[in-house]
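Visitor: predicted model and sequence below, questions to follow.
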Amino acid sequence: MPAAVELSSVSTGIRALFCMLTPNESSFEKVEDVPQYVQQATPFFIGLMVLELVVGVLKTGGSVVKIGDGLTSISAGMVSRLPMLFMRGCELAGYVYVWDRYRLVELPWDSAWTWWLTFLGVDFCYYWVHRFAHEAAILWAAHQVHHSSEYYNLTTALRQSLTQQFASWIFYLPMALAVPPSIFAVHIQLNLLYQFWIHTELITDLGPLEWVFNTPKHHRVHHGRNLYCIDKNYGGILIIWDRLFGTFALETDKVVYGLVYPIKTFEILYIQFHYYLYLWKKSKIYKNISNKLLTFLNGPSWKPGKPRLGDHKGNPKVTGKEVPHVPSWPLHLQVYVVLHFLLVLRTYHDLFENKMVLSQLTILGMTGYVLLTLTSMGFIIDQRPTAAVLEMLRCVVMVTMHRYSYMKPLLPALAVPTEAFVSLSLLYWGLQSFSQLHGIKKKAG
């Protein structure tokens, strides 16, 4: 019997990724009964990413994922979920508030009609969430995180914004006038899960499915910085909204991925927040108050005298021969970063697993450590001059956390090797920092 239950949960997890659950098995009366589909999907995310790596090697002879870019994308996904340690998800919290106070009708939670109506409603609302995230600069400041990778693979799907969730919930509120929160809670997760597998170059064409559904072929266009790709194919699960509202484009020329102006860094906090600073500086150029406000409300390329969405005349020309930014860094540092990333991933997992029994101070401390680690990893990948000092300070924090059992090894059997590795890391970066400081003094002398 346990084996059958386990097999059933695996089947449910896989089908949830492709939005293939039936209304009977995914309709719930209470929000508290709705499974954490996204959280439960982690093993399937990992499995598909490994499969993509293997198939990529067999198909192309090389890796479809670069270490620096892949780790940065996963790091962005980790950062995007950190607010959930301190608050309920904005989309669900706002939805429940409107439902409790302002609903006009109450559709039956156990009706297949309600399930399918919610499926369409959530996907329709997502289209507009996504479209406005490209058409309003202040929303693009959040969403640009997802477009910042110059690669297109399953890790790119995890490159999510920390701040987008604080605005996207507004677009779903009209549904709260009729659709029960429990059904909405199912579909907001299924819609997100579906969008994971379409981030790949290995699936080329799905035939007639391309007419109705969003597919890797359609979504590749959305991630392109080619002129024909910009502001196209916003759909979540269905591509019909783009066809209806005139934002659909077929994949033609080779798609070149990333932002129009690539940021060429792997520093996670810069990736998350740099565009807000850019908008602020841009708005300060204008003396007119309305122009200052329109800098945030109009399209990212808008300037006074331009249409609301601006234009792309000044964009760098895309030739199809562009080479993604890949820093040159030693193999031993690549191994080091991967090992420490796995260690912080374990801490991150423990943090979410035990958040109900940890004090707020402990949660804040562990969250700070996760952010410090991901930032320091970015500094190392970028080969910044200050990376050695920052990593030495991080190692001091790591040793302290290990000493007080806030950091655990990947496996119990690795406790002693982990302790030795942590100590050696501190020693290595201490020597690197001392060497750098000595070199600076020598030059100054």
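Guide: Sure thing, it's come through. Numbering: from 1, shown residues only.

Visitor: what stretches of this structure score poorly on pLDDT?
Guide: 1-8, 88, 438-439, 441-442, 444-445 (pLDDT under 70).

Visitor: spatially central residue for it, please.
Guide: The chain has Q160 as the residue nearest its centroid, 1.9 Å off, counting by CA atoms, centre = their mean.

Visitor: show me the domain layout of the protein.
Guide: Following automatic domain parsing, one finds the domains of the chain at 2-57+65-245, 331-444.

Visitor: follow-up on the earlier one: test my guess that the residue nearest to the centre of the chain contacts M78.
Guide: No. Using CB atoms under 8 Å as the test, Q160 is too far from M78 to be in contact (9.3 Å). Yep, even glycine has a C-beta here, placed from its N, CA and C like the rest.

Visitor: ok, back up a step: out of the domains of the chain, which comes closest to E267?
Guide: When the domains of the chain are compared by CB to CB, domain 331-444 sits nearest E267, at 3.8 Å.

Visitor: all helices of the stretch 151-300 of the chain, in order?
Guide: Counting by DSSP state H, counting those that start in this stretch, the stretch 151-300 of the chain has helices at residues 154-157, 165-168, 181-197, 216-222, 240-245, 268-284, 289-297.

Visitor: mind putting those in JSON lines, mean neighbour count and distance to L85 included?
Guide: As requested, the helices of the stretch 151-300 of the chain are exported to JSON lines (neighbours: other CB atoms under 10 Å; distance: least, CB to CB, whole Å):
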{"stretch": "helix 154-157", "mean neighbour count": "25", "distance to L85": "22"}
{"stretch": "helix 165-168", "mean neighbour count": "18", "distance to L85": "13"}
{"stretch": "helix 181-197", "mean neighbour count": "23", "distance to L85": "18"}
{"stretch": "helix 216-222", "mean neighbour count": "21", "distance to L85": "30"}
{"stretch": "helix 240-245", "mean neighbour count": "17", "distance to L85": "34"}
{"stretch": "helix 268-284", "mean neighbour count": "17", "distance to L85": "17"}
{"stretch": "helix 289-297", "mean neighbour count": "15", "distance to L85": "29"}
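
Visitor: surely G121 and V179 touch.
Guide: Yes. Counting by CB under 8 Å, G121 touches V179, with 6.5 Å between them.

Visitor: who has more neighbours, the two?
Guide: Higher neighbour count among G121 and V179: V179, with 25 against 19, using other CB atoms under 10 Å.

Visitor: what helices and strands are in contact with the longest helix anywhere in the chain?
Guide: Selection of the longest helix in the chain by residue count, based on DSSP state H, yields helix 415-444. Applying 3 or more CB pairs under 8 Å, 6 or more residues apart in numbering; DSSP states H and E, one finds that helix 415-444 contacts helix 331-353, helix 387-403.

Visitor: related to what we said a few turns ago, now, of the domains of the chain, which is deepest in the fold?
Guide: Comparing the domains of the chain by mean neighbour count (mean count of other CB atoms under 10 Å), domain 2-57+65-245 ranks first with a mean of 18.

Visitor: can you give me the offset of that domain from its chain's centre?
Guide: Centroid displacement of domain 2-57+65-245 relative to its chain, using CA atoms, centre = their mean, to the nearest Å, is 11 Å.

Visitor: helices of the stretch 1-150 of the chain, start to end?
Guide: Assigned by DSSP H, counting those that start in this stretch, the helices in the stretch 1-150 of the chain fall at 2-17, 37-40, 42-60, 67-81, 90-102, 112-135, 137-143.

Visitor: redo the ones you listed as JSON lines? Include distance to F213.
Guide: Below are the helices of the stretch 1-150 of the chain laid out as JSON lines (distance: least, CB to CB, whole Å):
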{"stretch": "helix 2-17", "distance to F213": "14"}
{"stretch": "helix 37-40", "distance to F213": "19"}
{"stretch": "helix 42-60", "distance to F213": "18"}
{"stretch": "helix 67-81", "distance to F213": "24"}
{"stretch": "helix 90-102", "distance to F213": "23"}
{"stretch": "helix 112-135", "distance to F213": "10"}
{"stretch": "helix 137-143", "distance to F213": "22"}
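
Visitor: just the angle between the host helix or strand of G368 and helix 387-403, please?
Guide: Here G368, judged by DSSP states H and E, is contained in helix 360-382. If you take axes from the mean of the first three to the mean of the last three CA atoms, to 10 degrees, helix 360-382 sits at 150 degrees to helix 387-403.
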